[in-house]
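Trainee: A predicted structure for the sequence below; I have some questions about it.
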Amino acid sequence: MKPKLMFLAMFAAVLSLSCVSNSRGVSAETKELGVPGYPFRPITLTRTALVAGGKCLAKLTYNKSGDLISVETDPPCVVGQGPLVVNGQALQDNPDSITFGTGTTTCYGPPIPSPPRCVCTRTPCP
């Protein structure tokens with residue numbers, strides 16, 4: 001019984017030491033770079049989204065930091081950019097997308113991208 005207890009104590013000590021020395025259990029040299037602070041989070045560089053009330057297909061392009069850098073669409077839909085104004089005040093912080101009108105316009109930003117990019121079913125498009 002004593003040898004088993006001693007073996008168990010040694011194993012627990014070795015396991016504890018390995019966990020304390022590196023919290024993820026892998027050496028720092030084998031980590032791949034991803035998003036700062038989240039090295040294993042996948043980074044989406046492009047994606048498509050059905051926007052403007054399901055009437056338009058938008059191609060969204062992101063940089064390696066995950067920031068939206070480009071919005072494109074195919075006719076008859078159009079892409080516009082410019083300040084978004086609500087009740088006479090410029091929209092300040094829109095971290096995702098916003099759809100308004102009768103589902104005819106979907107906008108991304110600000111602050112990223114700035115100025116905001118919108119996909120609309122017709123012109124004028126902000």
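Mentor: It's in.
Trainee: Phi, psi for residue 90 please.
Mentor: phi -70, psi 140 (degrees, to the nearest 10).
Trainee: check contacts around the closest residue to it other than its chain neighbours.
Mentor: Nearest residue to residue 90, sequence neighbours excluded (C-beta to C-beta, 6 or more residues apart in numbering): residue 83, at 5.0 Å. Bear in mind the C-beta positions are built from the backbone N, C-alpha and C, glycine included. Shown in contact with residue 83 (C-beta atoms under 8 Å, 6 or more residues apart in numbering): 90-91, 115-116, 126.
Trainee: For PyMOL, write the select line for the buried members of the residues you listed.
Mentor: This is how PyMOL selects the buried members of the contacts of residue 83, with burial counted by 16 or more other C-beta atoms under 10 Å:
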select buried, resi 116+126
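Trainee: tally of neighbours for the nearest residue to residue 93 once chain neighbours are set aside?
Mentor: In this structure, residue 93 finds its nearest non-sequential neighbour in residue 111, 6.5 Å apart by C-beta to C-beta, 6+ apart. Applying other C-beta atoms under 10 Å, we find 12 residues neighbouring residue 111.
Trainee: For residue 56, see how far away residue 111 is.
Mentor: 23 Å (C-beta to C-beta, to the nearest Å).
Trainee: what's residue 112 in contact with, if anything?
Mentor: Contacts of residue 112 (C-beta under 8 Å, 6+ apart): 67-68.
Trainee: Quick check: phi and psi on it?
Mentor: Main-chain dihedrals, residue 112, degrees, to the nearest 10: phi -130, psi 120.
Trainee: and what of residue 114?
Mentor: phi -130, psi 120.
Trainee: Compute the distance between the nearest residue to residue 77 once chain neighbours are set aside and residue 48, please.
Mentor: In this structure, residue 77 finds its nearest non-sequential neighbour in residue 56, 3.7 Å apart by C-beta to C-beta, 6+ apart. Note on residue 56: its distance to residue 48, by C-beta to C-beta, is 10 Å.
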